[in-house]
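Undergrad: quick one, structure for this:
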Amino acid sequence: MRVLVVEDDPRLADLLTRGLTAEGFAVDVERTGTDGLWRAREHPYDVIVLDIMLPGLNGYRVCQALRDAGVWTPILMLTAKDGEFDEAEGLDTGADDYLTKPFSYVVLVARLRALARRSRTAQPVLLRAGDLVLDPVSRECHRGTARIDLKAKEFSVLNFLLRHAGEVVTKSEIIDGVWDAAQDPDPNLVEVYISALRRKIDTPFDRRSITTVRGVGYRLVDR
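TA: Numbers count the residues shown, from 1 in each chain. The predicted structure is shown next:
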């Protein structure tokens, strides 16, 4: 799941980035309302964490501008301001949820996942390719009745492949969909995770669901 964090506090932005990345999210960070508005308009995200007190444009104006532009990515507003009128203003400008600092990190993650689920009503709750099943909510993976333990980034790569099941996807597309923009990983890192996934979801079950399309990329099929 791709998350845009618009937060001008460097320490909090860093904590959010490290924490959400450890949970398997791909995180991009912007420090001003102006930059956050540009990135949210130009790049697709599953959810946006938006501070209210920002330099450039405040969070209310960023949220309103996104909605006016037809960008309906779920927005969770994060602020040190506390009060029902502040919350009401945020929701009135188009925000989907509101969290006051200091906040529970567990609650933040749960709310982000809930917002992303609600925005994907047209998508299946469970991702399947034959008897391979991935649950983005519980973060569990099964091949038939056998549970498969995946590391956070392995889960994210498989999630991306299943959402594009049957399609050929390039290394660059996988990187864009799984890693955040600041990381810029070596494309060979994709091969490492593909190999790890094959050892977990294919080899023990005598399957070949992740195929290599030479010179192009990879395709996940029902095999």
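
Undergrad: contacts, neighbours, all on C-alpha from now
TA: Noted.

Undergrad: helices of this structure, start to end?
TA: All helices of the chain, identified by DSSP state H, fall at 10-22, 33-42, 59-68, 84-92, 105-119, 152-163, 171-178, 188-197.

Undergrad: who does Leu220 bridge with?
TA: Ile210 (DSSP bridges).

Undergrad: again, but for Val168
TA: Per DSSP bridges, the residues bridged to Val168 are Arg219.

Undergrad: what is the least confident helix or strand in the chain?
TA: helix 84-92 (a mean of 60; mean pLDDT, DSSP states H and E).

Undergrad: okay if I get the helices of the chain as CSV plus distance to Ile52 and mean neighbour count?
TA: Shown next, in CSV, are the helices of the chain (distance: least, C-alpha to C-alpha, whole Å; neighbours: other C-alpha atoms under 10 Å):
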stretch, distance to Ile52, mean neighbour count
helix 10-22, 14, 15
helix 33-42, 9, 18
helix 59-68, 4, 21
helix 84-92, 8, 15
helix 105-119, 16, 15
helix 152-163, 30, 20
helix 171-178, 27, 18
helix 188-197, 36, 15
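
Undergrad: turn these into CSV, columns for distance to Cys141.
TA: Formatted as CSV, the helices of the chain follow (distance: least, C-alpha to C-alpha, whole Å):
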stretch, distance to Cys141
helix 10-22, 18
helix 33-42, 31
helix 59-68, 35
helix 84-92, 35
helix 105-119, 17
helix 152-163, 8
helix 171-178, 17
helix 188-197, 11
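
Undergrad: worst mean pLDDT among the ones you listed?
TA: Sorting the helices of the chain by mean pLDDT places helix 84-92 lowest, at a mean of 60.

Undergrad: next, find the distance separating the closest residue to Leu158 other than its chain neighbours from Ile148.
TA: Nearest residue to Leu158, sequence neighbours excluded (C-alpha to C-alpha, 6 or more residues apart in numbering): Leu197, at 7.5 Å. For Leu197, the distance to Ile148 equals 10 Å [C-alpha to C-alpha, to the nearest Å].
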